[in-house]
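Novice: Need a 3D model of the following:
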Amino acid sequence: MLASKATDTAEALVEFCEDKGLPFRKAFSSEHLSRLFEKHKIDFRDRIMPPDVTLMAFCSQLIDKDRSCKEAVSRINHDRDIQGLAKASSSTSAYCQARAKLPLGLIRDLARDTARFLEEESDRSWFWHERHLKIIDGSTLSMPDTAANQERWPQHGKQQEGVGFPIMRVVAVTSYATGGILDFAYGPWRGKETGEHALARQVLDSLKNRDVLLADRYYCSYFFIASLRAKDVDLVTRIHGARDYDFRSGIKLGIGDHVVELQKPPKPCWMDKAEYDGIPSTLTVREVKVDGSGEEEIVVVTTLIDPVEYSRSELASVYKKRWHIELDLRSIKSVMGMDILSCKTPDMIEKEVWTYISSYNIIRQLICQAASKHEIEPRTISFTGALQTFNVYQAGFRFCDTETNRRMYESMLDLIASHRIGNRPGRKEPKAVKRRPKAYAKLTVPRGEWR
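Specialist: The predicted model follows:
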């Protein structure tokens, strides 16, 4: 079973009988959160919307289908009504002001710590070769078209002013074992030091000694590989399209399997000379040709050199696990709704992003606890099914006695574990939709001009 730190958030949900009301109430009254409040000097003066209630309401708002501030205020008033307290105003003003006062560092620390505790204390049978397997990838998010958001995260250069939306480029590191988002970096989609590699360098601290990182071909870069090896982290990726390979060269390990020495490229403009001089002049990597399931030929590049410990078939299998981060990003973007953010200012956009990640990681905790109880891997459980199950059950926790809550909690875990994902290796689906969109005219000029 998972250790106490990782399950503190999830198991505490059964104790709603003591503080019936908002989901996550007990999850956000743990000793860990108390330390975070102290660290960030949170003021707990008596008020209608103290920081803990505001944070719970913010998380609850983002996992709800409605996701509106008005719904969050209604949830707070329901919470106060159950506790016998006077209702707050139905206006969203006080709630929005309280959200704005939450320190960004508090929400960010909560998101990272939740995933880190879960990773550290997860079942070792979920690991790969007794090593932590982590995955990195990039994506983009959009947000309301306000002047402040456009200044921080400009829209695409090919879009007319007043027509497009601000774009945030993001890079995430997730755990293969738990599915939790370990770290997250973001910036504008264009400009100096805003590329995916630049953002990836910001999340390298989430990688530890002897981790194995999975990445797509974009990360098959000499300097990125060198930065990982400096941390004793191994990489499994796909050869970059601009690189050539020749299995007649290097040290042959088998058919379509050899070890080669990479030569250090010239210094890039973004790197200072001292850093460049500290990078080794050569890197040893292994190139392995693997079955692409009918696709174009795939060559995997890795720093896992030993052919006995890491066979060709194992490398082919583990590279295919890289697809899980696409599913993780889809879960938080499409299923939870982070694809299109809703806040109007850059400061609140950042808090919204990290609150999404906190909520996502808490649902991942429930998945891991259900997997541990039923002795299966978390990756075999549907995130969408877990989120739907939690949204149904959390309302019932508010009105039951302790024993009923615990029985319902165990039942919830059983139901979460029943939402299994089929094993469909090599599955292909066209990126096409059958149902046609509504035939609205396209807005090609600013709305004021259009009117």
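
Novice: how about the helices in the stretch 251-400 of the chain?
Specialist: Counting by DSSP state H, counting those that start in this stretch, one finds helices in the stretch 251-400 of the chain at the ranges 273-277, 312-320, 323-330, 346-374, 383-396.

Novice: can those go into a markdown table with extra columns for distance to residue 36 and mean neighbour count?
Specialist: For glycine as for every other residue, the C-beta is placed from the backbone atoms N, C-alpha and C. Below are the helices of the stretch 251-400 of the chain laid out as a markdown table (distance: least, CB to CB, whole Å; neighbours: other CB atoms under 10 Å):
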| stretch | distance to residue 36 | mean neighbour count |
| --- | --- | --- |
| helix 273-277 | 34 | 10 |
| helix 312-320 | 35 | 17 |
| helix 323-330 | 24 | 18 |
| helix 346-374 | 11 | 23 |
| helix 383-396 | 22 | 18 |
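
Novice: Going along the chain, name the strands of this structure.
Specialist: For the chain, applying DSSP state E gives strands covering 133-142, 167-175, 181-188, 212-214, 234-238, 251-254, 257-263, 282-290, 298-302.

Novice: Select, out of the ones you listed, the one closest to residue 360.
Specialist: Each of the strands of the chain has some distance to residue 360 by CB to CB; the shortest is strand 181-188, at 6.3 Å.

Novice: Please save the CA atoms from the closest one in CSV.
Specialist: The C-alpha trace of strand 181-188 is given here as CSV (Å, rounded to 0.1, in the frame of the first residue of the first chain):
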residue,chain,number,x,y,z
ILE,A,181,2.9,16.0,-13.3
LEU,A,182,6.2,16.4,-11.5
ASP,A,183,7.1,19.8,-12.9
PHE,A,184,5.8,22.3,-15.4
ALA,A,185,7.4,25.3,-17.2
TYR,A,186,5.8,27.9,-19.4
GLY,A,187,6.5,31.0,-21.5
PRO,A,188,5.5,32.9,-24.6
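
Novice: the residue most distant from the middle of the protein, which is it?
Specialist: Within the chain, the residue lying farthest from the chain centre (CA atoms, centre = their mean) is residue 248, at 40.5 Å.

Novice: Looking at the helices of the stretch 251-400 of the chain, spot the one closest to residue 287.
Specialist: Of the helices of the stretch 251-400 of the chain, nearest to residue 287 by CB to CB is helix 312-320, at 10.3 Å.

Novice: Okay, angle between that closest one and strand 234-238 too, please.
Specialist: 80 degrees (axes from the mean of the first three to the mean of the last three CA atoms, to 10 degrees).

Novice: Could you say which of the strands of the chain is packed most deeply?
Specialist: strand 212-214 (a mean of 25; mean count of other CB atoms under 10 Å).

Novice: from memory residue 343 sits against residue 148, does it?
Specialist: No - with contact defined as CB atoms under 8 Å, residue 343 does not count as touching residue 148 (10.1 Å).

Novice: Appreciated, that's everything.
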